[in-house]
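Chemist: Need a 3D model of the following:
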Amino acid sequence: MSEYQFTKDWFNWAPEVWKQLIPHLPGRQRFLEIGSFEGRSAVWIIENMMEDGGYIDCIDTWQGGEEHSEEDMAAVEARFDHNLELASDRSGTFDGDVARHYFKLKGPSAKILAGIMSEGEDSVDFVGGDIRATKPKYDFIYIDGSHIAKDVLTDACMAWPLLKPKGMMVFDDYMWGNPRDILHRPKPAIDAFCNLFAEEAEIVHVGYQLVVRKKGE
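Modeler: Just a heads-up that it's a prediction; the model follows:
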């Protein structure tokens, strides 16, 4: 397990934006991503954004979406497992104990988010077979799961209450999908979210990704 195993690079342009977000996060301890694939973005978060003691929750079905019909998703999931274990190993230990930098939460995002939302402030999470003490409020949330508009809107609306004030939510693929049918692209869902949550969310970046900051103290 000496090297990362990535076959796709859909993330190489994102770090330039994300590096600018880091100083403005309310903390660098708790991260959530919906849609993990091979784990490239989660590895980058562990290596570049996360402070000691932090973790990232990675939600995915590892069954693929409409655009993954030719992918061997079992192999994709195996590469995710390899890459995240390697990132955790390379990131050291906490107070002499083996580090646990990520939690793999396998299943439909709506079901898993509902489980996280139902957690108490210091409850134990059994979702996906992992056990951890948690405070279900995140500093940073990355939405990159299903690209179908209704699914993107569901993910965003369910994840939003889990974001800390001044936390950042990043939507991937804002400009993706043309000429794909409008309801099978993220953009109409992201636009709808920004309109519906305009009193609570401030848009801080618009490009291929769209980034919002949660208002409040």
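
Chemist: Show me what stretch 32-39 is in contact with.
Modeler: Residues from elsewhere that reach stretch 32-39, judged by Cβ atoms under 8 Å, 6 or more residues apart in numbering: 5-8, 10, 41-42, 45, 56-60, 76, 79-80, 83-84, 87, 104, 109, 113, 138, 140-146, 155, 159, 162, 172. Backbone N, C-alpha and C define where each C-beta goes, glycine included.

Chemist: now swap in stretch 153-161 and tell me
Modeler: Residues from elsewhere that reach stretch 153-161 (Cβ under 8 Å, 6+ apart): 32, 34, 109-110, 113-114, 117, 138, 141, 143, 145-146, 169, 171, 189-190, 192-193, 197, 200-201, 214.

Chemist: thinking again about what came up before, from the contacts of stretch 32-39, which ones fall inside helices?
Modeler: 41-42, 45, 76, 79-80, 83-84, 87, 109, 113, 155, 159 (DSSP state H).

Chemist: how far away is the most centrally placed residue in the chain from Asn195?
Modeler: In the chain, the C-alpha closest to the average C-alpha coordinate belongs to Glu33, at a distance of 1.1 Å (Cα atoms, centre = their mean). Using Cβ to Cβ, to the nearest Å, Glu33 is found at 24 Å from Asn195.

Chemist: Same check on His82?
Modeler: Separation of His82 from Asn195 (Cβ to Cβ) stands at 41 Å.

Chemist: And these two? Which one has more around it.
Modeler: His82 (16 against 9; other Cβ atoms under 10 Å).

Chemist: In this structure the more buried one contacts Thr7, no?
Modeler: No - the criterion here is Cβ atoms under 8 Å, and His82 misses it with Thr7 at 11.9 Å.

Chemist: what's the burial count for Lys19?
Modeler: 11.

Chemist: could you pull out the strands for this protein?
Modeler: With DSSP state E applied, the chain shows strands at 30-34, 55-60, 93-94, 97-98, 102-106, 124-125, 132-133, 138-143, 163-171, 201-206, 210-214, listed in chain order.

Chemist: mind checking which of those is nearest Leu21?
Modeler: Nearest to Leu21 among the strands of the chain is strand 163-171 (5.3 Å), distances taken as Cβ to Cβ.

Chemist: Tell me which other helices or strands the closest one touches.
Modeler: Strand 163-171 sits against helix 14-21, strand 138-143, helix 149-159, strand 210-214, with contacts defined as 3 or more Cβ pairs under 8 Å, 6 or more residues apart in numbering; DSSP states H and E.

Chemist: Perfect, that will be all.
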